[in-house]
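Trainee: Quick one, structure for this:
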Amino acid sequence: MSTVLPTSALTSSVRPSAVVVLAAGEGTRMKSTTPKVLHDVAGRSLVGHVLAAVDQLEPHHVVVVVGHGRDLVAAHVHGSHPHAVTVVQEQQNGTGHAVRVALDGISAAGIDLPEGPVVVLAGDTPLLTGDTLSSLLEIHHGEQAVATVLTATLADPTGYGRIVRDSDTGHVARIVEQKDASEAERSIREINSGVFAFELSALRSGLSRLTTDNAQGEEYLTDVLGHLVTDGETVAAYIAPDPEEILGVNDRVQLAHAGGLLRDRINVGWMRAGVTIVDPATTWIDSTVTLDRDVRIERNTALSGSTTIASGAVIGPDTTLVDSDVATGAHVLKSHVTESKIGPDATVGPFTFMRPGTELAAHAKVGAYVETKNAFIGEGSKVPHLSYVGDATIGAGSNIGAATVTVNYDGVNKHKTVVGDHVRIGSDTMLVAPVTIGDGAYTAAGSVVTDDVPPGAMAVGRARQRNIDGWVERKRPDTASAKAAKAAESLDATPADDVDTDS
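Mentor: Here you go, the predicted structure:
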């Protein structure tokens with residue numbers, strides 16, 4: 001019978017014996033050299049989202065069936081889920097064939113599956129949640145079914161296999177694929193999601209009876225259900241509470257659509273957890289990001305990777321954070337930050353580019369049009385504008401004047417600049433590394449500093465100014481500059497000519 005669980009019953013006590021993830025397809029409609037299941041959305045690959053949902057079930061074993069791009073897919077799976085087993089489907093002969101390859105691969109690896117259901121699902125369904133999979137297992141267990149299929153009711157079921165139910169019991173009688181369906185069957189709106197729970201012995205028995213006698217010439221896993229029904233077994237169904245969860249990704253349009261749905265789901269989750277998101281439509285937060293309560297996210301903001309943001313921080317507008325940590329009370333405005341740490345009550349932006357290895361201590365400031373890389377900026381220190389600070393350590397309470405550059409690269413090697421506490425670097429200073437500026441020292445504006453500066457000293461590294469009178473009129477005659485200079489000279493001369501020497 002058709003079953004929908006209330007949201008309060010979304011935790012499964014049924015631990016699956018194994019989960020089989022089907023990820024062997026080429027995905028030709030993606031038109032990409034990257035295997036389909038490795039395309040990213042919301043901070044994870046498509047198969048990564050599926051494996052994250054599977055983790056919630058705590059299965060005894062996870063098996064990923066690979067085929068197209070097998071080496072890339074297997075390496076990716078083992079990188080994020082080293083406990084998973086990958087098996088190769090040399091020829092993609094249908095979903096039933098893929099599951100048989102998976103079970104044979106487990107046996108060949110010397111793994112004896114324990115008692116419990118086997119869950120089968122596709123590797124291109126990033127919207128599927130662990131809660132829904134848990135509910136599927138609860139229904140499977142509660143109805144004592146040998147197989148249970150996750151279904152959904154769609155306004156337009158075109159392209160999906162239809163669920164044909166027994167008119168007496170309401171259980172699943174069979175699943176008929178679109179190409180094999182009659183006109184009456186094509187009018188059915190309940191569809192197969194491609195997610196199943198099977199009892200292991202029933203699954204093995206059904207797989208052994210599959211044929212390729214269908215429009216595609218493939219072994220359909222759905223035909224296993226038909227065999228079980230013929231044997232008089234119970235095949236149950238669980239209707240997904242949100243039909244969007246079952247959506248697969250076959251091309252770039254569907255990838256973008258799934259990304260938008262995940263964005264909305266993630267944003268709603270964070271807002272309900274106490275995060276302010278001013279404009280959810282322009283805010284993109286990866287599923288791997290961590291936020292505390294009372295974080296404020298302004299419009300046009302993207303947070304990705306392992307980024308963490310502490311309570312009271314304000315991010316945006318127009319800001320991107322990648323794999324970065326932001327402490328409580330910090331504010332990042334109109335900036336791009338990658339692999340960096342921003343301390344408590346520190347301020348960044350606008351138009352700041354913080355590259356990997358940057359760390360701001362508490363109350364530090366990196367302001368407009370500043371670029372940093374592999375730099376530590378101490379407590380209360382400021383780099384207010386128009387500067388580059390790379391491969392440098394700046395102490396506490398120092399101020400770096402506008403247009404300062406740490407000259408860290410000699411064409412072959414990088415060198416380090418060390419600026420002490422309470423230092424004042426004058427505007428337009430070049431700090432030619434390796435160089436150390438001692439505590440409390442100053443540099444004169446416009447200096448090129450090539451030697452260490454002792455604590456408390458003033459470094460002046462510039463030539464004395466020399467004016468060459470009349471150079472413009474001699475070298476650039478008839479220019480606007482020459483005419484302006486001549487007019488100024490005439491004005492300067494007028495008062496002297498009018499002086500009354502007799503008075």
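
Trainee: Okay, helices next: where are they in the stretch 51-200 of the chain?
Mentor: In the stretch 51-200 of the chain, helices defined by DSSP state H, counting those that start in this stretch lie at 70-80, 95-108, 130-142, 183-186, 200-207, listed in chain order.

Trainee: Please enumerate the strands of the stretch 151-300 of the chain.
Mentor: With DSSP state E, counting those that start in this stretch applied, the stretch 151-300 of the chain shows strands at 162-165, 172-176, 190-199, 235-239, 276-277, 283-285, 290-291, 296-297, listed in chain order.

Trainee: For Ile111, which of these is the nearest?
Mentor: Judged by C-beta to C-beta, the one of the strands of the stretch 151-300 of the chain that comes nearest to Ile111 is strand 190-199, at 17.2 Å. Backbone N, C-alpha and C define where each C-beta goes, glycine included.

Trainee: Can you name every helix or strand that the closest one contacts?
Mentor: strand 117-122, helix 130-142, strand 147-153, strand 162-165, helix 222-230 (3 or more C-beta pairs under 8 Å, 6 or more residues apart in numbering; DSSP states H and E).

Trainee: residue ranges with poor pLDDT in the protein?
Mentor: Confidence mapping of the chain against pLDDT under 70 gives the ranges 1-13, 494-503.

Trainee: Switch the strands of the stretch 151-300 of the chain over to TSV; also include distance to Gln89.
Mentor: Below are the strands of the stretch 151-300 of the chain laid out as TSV (distance: least, C-beta to C-beta, whole Å):
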stretch	distance to Gln89
strand 162-165	26
strand 172-176	21
strand 190-199	16
strand 235-239	25
strand 276-277	42
strand 283-285	34
strand 290-291	37
strand 296-297	43
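
Trainee: Relative to Arg265, which of these is closest?
Mentor: Go through the strands of the stretch 151-300 of the chain one by one with C-beta to C-beta and the one that ends up closest to Arg265 is strand 283-285, at 10.2 Å.

Trainee: can you pull the contacts of Thr132?
Mentor: 10, 53, 150, 240-242, 245 (C-beta atoms under 8 Å, 6 or more residues apart in numbering).

Trainee: List just the nearest of those residues to Glu233.
Mentor: Looking at those and their distance to Glu233, the nearest is Leu150, at 18.0 Å (C-beta to C-beta).

Trainee: number of nearby residues for the closest one?
Mentor: 24 (other C-beta atoms under 10 Å).

Trainee: can you list the strands of the stretch 151-300 of the chain in JSON lines and add mean neighbour count and distance to Leu321?
Mentor: What follows is those, written out as JSON lines (neighbours: other C-beta atoms under 10 Å; distance: least, C-beta to C-beta, whole Å):
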{"stretch": "strand 162-165", "mean neighbour count": "22", "distance to Leu321": "44"}
{"stretch": "strand 172-176", "mean neighbour count": "23", "distance to Leu321": "45"}
{"stretch": "strand 190-199", "mean neighbour count": "25", "distance to Leu321": "34"}
{"stretch": "strand 235-239", "mean neighbour count": "25", "distance to Leu321": "38"}
{"stretch": "strand 276-277", "mean neighbour count": "18", "distance to Leu321": "14"}
{"stretch": "strand 283-285", "mean neighbour count": "24", "distance to Leu321": "10"}
{"stretch": "strand 290-291", "mean neighbour count": "18", "distance to Leu321": "11"}
{"stretch": "strand 296-297", "mean neighbour count": "22", "distance to Leu321": "10"}
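
Trainee: for those, which one sits closest to Val146?
Mentor: Nearest of the strands of the stretch 151-300 of the chain to Val146, taken as C-beta to C-beta: strand 190-199 at 4.7 Å.

Trainee: Give me the neighbour count for Asp492.
Mentor: Asp492 is surrounded by 9 other residues when neighbours are defined as other C-beta under 10 Å.

Trainee: nope, Gly343 is what I meant
Mentor: Count around Gly343 with other C-beta under 10 Å applied: 20.

Trainee: For the lengthiest helix in the chain, enumerate the helices and strands it packs against.
Mentor: Counting by DSSP state H, the longest helix found in the chain is helix 252-272. Using 3+ C-beta pairs under 8 Å, 6+ apart as the contact criterion, the elements in contact with helix 252-272 are strand 40-41, strand 276-277, strand 283-285.

Trainee: quick one on the thing from earlier: compare the helices and strands packed on strand 190-199 and give me the one nearest Pro356.
Mentor: It's helix 130-142; of those, that one is closest to Pro356 (C-beta to C-beta) at 32.8 Å.

Trainee: what's the angle from that closest one to strand 147-153?
Mentor: Helix 130-142 and strand 147-153 meet at an angle of 130 degrees, taking axes from the mean of the first three to the mean of the last three C-alpha atoms, to 10 degrees as the criterion.

Trainee: which residues sit in contact with Ser481?
Mentor: Taking C-beta under 8 Å, 6+ apart as the definition, contacts of Ser481 comprise Val472.

Trainee: Which parts of this structure belong to which domain?
Mentor: 2-246, 252-459 (automatic domain parsing).

Trainee: As TSV, those with distance to Ala493 would be great.
Mentor: As requested, the domains of the chain are exported to TSV (distance: least, C-beta to C-beta, whole Å):
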stretch	distance to Ala493
domain 2-246	72
domain 252-459	32
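
Trainee: Figure out which of those is closest to Gln465.
Mentor: Of all the domains of the chain, it is domain 252-459 that lies closest to Gln465, at 9.9 Å by C-beta to C-beta.
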